[in-house]
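> below are the sequence and a predicted model for it; my questions follow.
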Amino acid sequence: MKKQILFLILGFSINAYSQQILPEQERATVIDEILSNRFNHLLPEIMDASGMDMWIVISREYNEDPVIKTMLPATWLNARRRTILLFYRNKPANTIEKLAVARYNVGESIVSAWDKEKEPNQWKRLMQLIEERNPKKIGLNFSKDHNIADGLGKTDYDEFMANLPKKDHKKVVSAEQLAVRWIETRTEREMIIYNQLVDITHDIIAEAFSEKVITPGVTTTTQVEWWMRQKVTDLGLETWFHPTVDVQRTSEELVNHLYSFSGRPDDLIIQPGDLLHCDFGITYLRLNTDCQELAYVLKPEESEAPNYLIKGLEEGNKVQDFLTSNMIEGRTGNEILAKALQDAKAVGLRPAIYTHPLGLYGHSAGTTIGMWDSQNGVMKDDGENYPLNRNTVYAIELNTTITIPEWKRDIRIMLEEAGFYGKNGFRYVNGRQTELLLIPRTKRNQNRL
């Protein structure tokens with residue numbers, strides 16, 4: 001009985017959602033355990049790989065560096081005053097120091113190394129710690145190519161350089177490669193959790209695109225969007241962007257790609273015969289999902305989607321296959337993009353690929369594989385020079401244009417699913433859409449309700 005009450009409070013039922021969503025205190029425990037593992041095992045590994053023996057992350061309250069936000073313990077929602085973190089890797093001794101030039105320990109992993117009563121000046125204490133360790137390189141978070149690795153404020157940079165002895169200025173380098181590896185790399189435990197996140201995301205979409213939510217001729221696209229937003233809130237989760245729902249139908253012309261995300265009409269009434277598309281993602285345990293799926297609204301005389309839409313989805317899946325088969329370690333995003341587009345076009349498909357890293361941020365740091373408005377490759381300052389690495393997650397986001405003679409028009413089959421690249425190559429985190437969701441459900445599609 002108590003379990004039933006808890007599930008009702010959380011806003012979901014066992015039948016509808018296969019993954020249990022943790023209460024806040026248990027989430028905090030999981031977050032801090034994952035952080036401890038990342039600091040003690042992942043951080044030394046990526047510091048060695050980047051050739052960086054000291055990494056300094058500086059941030060002020062409410063102006064947080066994107067990197068420091070991923071390093072704070074679960075009970076810290078922001079940095080406090082000026083928070084300075086110092087990581088020192090002594091590879092010969094196989095040690096990693098995690099120090100905070102702050103008045104407090106930063107959780108259990110990062111120990112305070114500043115006694116203000118002994119040394120009132122925070123910058124001077126930081127310089128003492130640097131001098132004691134005499135690093136070969138001092139990495140700071142400034143970067144032209146990666147926005148997430150460019151979180152050091154100008155004031156803090158100027159203060160740091162003004163206090164650092166001039167003999168050490170030549171040691172200061174961009175920590176962009178280290179910062180991106182920290183943001184992009186997923187641990188084994190994070191990937192177990194990621195499977196649950198994607199499962200929850202799929203469940204919400206399946207319910208939104210069903211007769212439980214949509215009554216053709218009555219329900220609008222805007223109502224479905226807000227239903228999804230409210231569902232996330234009721235589950236105790238968050239979205240990192242507002243959900244979108246759009247329609248393609250026989251009476252409409254194909255419009256530009258932006259239509260799906262901006263400029264589409266509000267409160268469009270959903271009708272039988274519509275092809276529905278959503279873009280939706282959640283945030284849970286500091287990880288993010290990003291998913292686009294398709295549904296077809298059955299006409300009264302139909303029991304399944306028209307064959308031309310079924311084949312359209314198959315073509316979308318083929319574009320996915322061409323992309324993921326070309327995801328090879330060490331290739332840049334532009335190289336992957338060019339080969340995938342070439343392969344897809346060679347069999348008569350009309351693809352567009354705009355896949356992005358996914359993880360601690362929705363549009364995260366790492367290998368960028370195209371943008372919707374840059375199908376010839378992205379510029380260097382968009383991360384093109386960054387290679388595909390193992391243990392990374394991507395939103396496999398793309399579309400293919402198909403012609404429907406029955407509708408006398410072209411439509412786009414737009415898809416997006418979370419995918420993982422590891423030592424065994426590529427896999428989807430929790431499957432992908434290979435059948436259209438039907439509204440209302442038939443027996444064949446009942447398992448997605």
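That came through, no problem.

> can you give me the pLDDT of S374?
S374 is assigned 73 on the pLDDT scale.

> number of residues surrounding it?
15 (other Cβ atoms under 10 Å). All C-beta spots, glycine's among them, are computed from the backbone N, C-alpha and C.

> give me the number of residues near V218?
Here the number of neighbours of V218 (other Cβ under 10 Å) works out to 9.

> residues in contact with it?
I269 (Cβ atoms under 8 Å, 6 or more residues apart in numbering).

> helices or strands up against the longest helix seen in the chain?
Longest helix in the chain, counting residues (DSSP state H): helix 188-208. On a contact count with 3 or more Cβ pairs under 8 Å, 6 or more residues apart in numbering; DSSP states H and E, helix 188-208 meets helix 24-37, helix 221-234, strand 275-280, strand 287-288, strand 291-297, strand 409-422.

> need these in JSON lines (columns: mean pLDDT, mean neighbour count and distance to L436).
Output for the helices and strands packed on helix 188-208, formatted as JSON lines (pLDDT from 0 to 100; neighbours: other Cβ atoms under 10 Å; distance: least, Cβ to Cβ, whole Å):
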{"stretch": "helix 24-37", "mean pLDDT": "95", "mean neighbour count": "14", "distance to L436": "34"}
{"stretch": "helix 221-234", "mean pLDDT": "97", "mean neighbour count": "17", "distance to L436": "16"}
{"stretch": "strand 275-280", "mean pLDDT": "98", "mean neighbour count": "24", "distance to L436": "8"}
{"stretch": "strand 287-288", "mean pLDDT": "97", "mean neighbour count": "24", "distance to L436": "25"}
{"stretch": "strand 291-297", "mean pLDDT": "98", "mean neighbour count": "24", "distance to L436": "5"}
{"stretch": "strand 409-422", "mean pLDDT": "97", "mean neighbour count": "21", "distance to L436": "10"}
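
> can I get the ones you listed in a markdown table with distance to V173?
Formatted as a markdown table, the helices and strands packed on helix 188-208 follow (distance: least, Cβ to Cβ, whole Å):
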| stretch | distance to V173 |
| --- | --- |
| helix 24-37 | 25 |
| helix 221-234 | 41 |
| strand 275-280 | 38 |
| strand 287-288 | 29 |
| strand 291-297 | 38 |
| strand 409-422 | 27 |
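
> beyond the strand or helix carrying R427, next helix or strand please.
Element membership for R427, per DSSP states H and E: strand 425-428. Per DSSP H and E, strand 425-428 leads on to strand 437-439 as the next helix or strand towards the C-terminus.

> which residues does that following strand contact?
205-206, 209-211, 214, 216, 276, 293-298, 304-305, 444-445, 448.

> go on, stretch 151-168?
56-60, 63-68, 82, 123-124, 126-127, 130-131, 138, 140-142, 169, 172.

> right, I'll call it a day here.
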